[in-house]
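Novice: Build the 3D model from these lines:
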Amino acid sequence: MDSQSLQEKVVKGSFIAIFFSLFGAIFAYLIKVLYSRTLPVEHFGIFYAVFGFIILVSTYTELGFGEAMSYFIPKHLKNKRYKDLLNILIYGQVIQVGIAIILAIIIAAFAPFLATEYFKVAGAKYLLYIFCIFLVLVSILNSLLQIFTGLQKEKYYSSIYIIRMGIIFLLSMIFLMIHLNNVFYYGLAWVLGYLFTALIFIYLLWNNHPYLNVKDLTWNKNLFNDLRNYALPAFTTTFIYTLFTSSDIFFLTLIRGVKDVGVYSLIVPIAAISLIFLAPLNNVLLPLTSHLMEGEKDKLGFLISKIYQVIPFIGIYFALFIIMFPSAVVGLIFGEKWLGPTQIPLTYLSLGYIALLMSNILGIITLGTGKIKERLKILFFVTILNIIMHAILIYYFGILGAVVTNSFTAIILILLYTKILRNTIFFTIPYLFYLELLSFTVLSFLLVKLTHFSPNSWLEFLLSGAIYTGIFSLLGFIFKIYDKKLISIIIPQRSK
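Specialist: So this is what the prediction gives:
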């Protein structure tokens, strides 16, 4: 397979993942809207406090064996070593699910203590019991995701997210219609959503891959050692990254209480809409960057230069509309009961997510250039800073402390990733463009505030969004955001 064909294959598979991820994100957003409108603020907060705690624990169930499976399965599949492939599959699943069961038992045993001392809501123990089952199912479904990734079944591993979120949304709606809209039944919806999705993909795995025969299962010490040696360094990165991304909810729950967790859990998906929208781009950028490092660094330099222009532009597009109309965004989408404590932190967090979006993209590119150790060192340093700042600033300022910490550490990440990339690839940073974009942003914000305009109905909101999008589309032409060369790099044209 030549270089261009390989790139076409990578991009095709990546865009399949993007397509399914976007629709899955829509269901995830609808679920949060549903819960925010049908639960009291405190109940919404306790649900996402417990949910966040379980998701944090779930990242430590695989010990890196999930990534090891994704790495080794394609090698044995290519060489048709199906017996070794089966062993890898079983070893990885047993490790992940076994650890998840152990952790679930421990959490269940300490649920009363966690409910009163950490969550500070006695009834949280019942939700913890429900989510202990969820923890085991998460490990099963994650292992299936990694198996299908290793088997290079793009349609399968890409559709897991949309199917599970679709089932959870459907079940949540059913519980709402039969008047069972409380945190316990919504928790049950997540358990059943993961269970049904796991059953579907377990069937697809064993039914569509007849060369996987359980009778061939054996103990292969050398194979297990290969998995373990790859897994432990991978787990170190996961461990550090999880601490970085989860410390805000952890300290908000511990220090401020579930009401602040509820408010924060509501504003994050609003402010993070650009990150949610562009997250599937990681599936393209990682393999594409790695591919371009092999003899096409000039194209990679151009790609990075455009990223420093396009990503801030997209980030401003989403953030500016939110900071101009925070009350309309919160009130119309999530309900008027959330107005008051949300607008100010939402405004600042929306600006911060421009930096968070950029740092996420640059982190993926840095990984694609092979700077794995350098990226790990950066994450370690910034994670320590992140934890210290969250503990101090959340204690004194609550939600705003979390907002400031996440924004500041994202800026630090951008600066450090930029330094690493500049030592590897030549690219330009459009400082003049940033000044022009900032001028437009400030003038637009002042115009809206001086005219006291704010959408008060869904019709006004949608019309405002359409006009705003039209203006930004025109601005994209003026700033030359759209570039045929960029598209040709990402989607190569097949030679005739």
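
Novice: could you dump stretch 136-150 to CSV, C-alpha only?
Specialist: Output of stretch 136-150 as CSV, limited to C-alpha atoms (Å, rounded to 0.1, in the frame of the first residue of the first chain):
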residue,chain,number,x,y,z
VAL,A,136,-18.4,-2.9,35.8
LEU,A,137,-20.3,-2.3,32.6
VAL,A,138,-18.1,0.6,31.7
SER,A,139,-15.0,-1.7,31.9
ILE,A,140,-16.8,-4.3,29.7
LEU,A,141,-17.8,-1.8,27.1
ASN,A,142,-14.4,0.0,27.1
SER,A,143,-12.6,-3.3,26.5
LEU,A,144,-15.0,-4.0,23.6
LEU,A,145,-14.2,-0.6,22.2
GLN,A,146,-10.5,-1.3,22.4
ILE,A,147,-10.9,-4.7,20.8
PHE,A,148,-12.8,-3.4,17.8
THR,A,149,-10.2,-0.6,17.5
GLY,A,150,-7.5,-3.2,17.3
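
Novice: Now do that stretch: distance to the chain's middle.
Specialist: Relative to its parent chain, stretch 136-150 has a centroid offset of 16 Å by Cα atoms, centre = their mean, to the nearest Å.

Novice: cool, stretch 443-455 as well?
Specialist: That offset, for stretch 443-455, works out to 32 Å (Cα atoms, centre = their mean).

Novice: The chain should start at 43 in everything you say after this.
Specialist: That works, and once the first residue is 43, the last one we named lands at stretch 485-497.

Novice: Can you show me the CA trace of that stretch as PDB?
Specialist: Only the C-alpha atoms of stretch 485-497 are listed here, as PDB (Å, rounded to 0.1, in the frame of the first residue of the first chain):
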ATOM      1  CA  LEU A 485     -16.500  45.500  19.000                       C
ATOM      2  CA  SER A 486     -19.300  42.800  18.600                       C
ATOM      3  CA  PHE A 487     -19.600  42.400  22.300                       C
ATOM      4  CA  LEU A 488     -19.800  46.100  23.000                       C
ATOM      5  CA  LEU A 489     -22.400  46.500  20.200                       C
ATOM      6  CA  VAL A 490     -24.700  43.900  21.800                       C
ATOM      7  CA  LYS A 491     -24.300  45.300  25.300                       C
ATOM      8  CA  LEU A 492     -24.800  48.900  24.200                       C
ATOM      9  CA  THR A 493     -28.000  48.000  22.400                       C
ATOM     10  CA  HIS A 494     -29.200  45.800  25.300                       C
ATOM     11  CA  PHE A 495     -30.300  43.200  22.800                       C
ATOM     12  CA  SER A 496     -31.000  39.600  24.100                       C
ATOM     13  CA  PRO A 497     -33.100  36.900  22.500                       C
END
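
Novice: Give me the contacts around that stretch.
Specialist: Contacts with stretch 485-497, where a contact means Cβ atoms under 8 Å, 6 or more residues apart in numbering, come from Leu362, Ile365, Met366, Phe367, Ser369, Ala370, Leu374, Phe503, Leu505, Ser506. C-beta coordinates here come from the backbone N, C-alpha and C atoms, glycine included.

Novice: Taking these together, which two end up most distant?
Specialist: Spatial extent of the contacts of stretch 485-497 (Cβ to Cβ) is set by the pair Ile365 and Leu505 at 19.0 Å.

Novice: Tell me which of these two has more neighbours.
Specialist: Between Ile365 and Leu505, counted using other Cβ atoms under 10 Å, Ile365 has the larger neighbour count: 21 against 12.

Novice: Quick check: that one vs Ser392, distance?
Specialist: 5 Å (Cβ to Cβ, to the nearest Å).

Novice: Likewise for Leu418?
Specialist: When Leu418 is compared with Ser392 (using Cβ to Cβ), they lie 30 Å apart.

Novice: who's more crowded, these two?
Specialist: A count of neighbours by other Cβ under 10 Å puts Ser392 above the other of Leu418 and Ser392, at 27 against 16.

Novice: so where do the helices sit in the stretch 293-442 of the chain?
Specialist: Secondary structure of the stretch 293-442 of the chain by DSSP state H, counting those that start in this stretch: the helices cover 300-313, 315-320, 324-334, 339-366, 368-376, 385-410, 414-439, 441-464.

Novice: One more: the stretch 43-192 of the chain?
Specialist: Remark: helices assigned in the stretch 43-192 of the chain by DSSP H, counting those that start in this stretch are 45-80, 83-100, 107-120, 124-151, 153-155, 166-192.

Novice: What residues of the second one count as buried?
Specialist: Residues of helix 83-100 classed as buried: 83, 85-100 (neighbour count, 16 or more other Cβ atoms under 10 Å).
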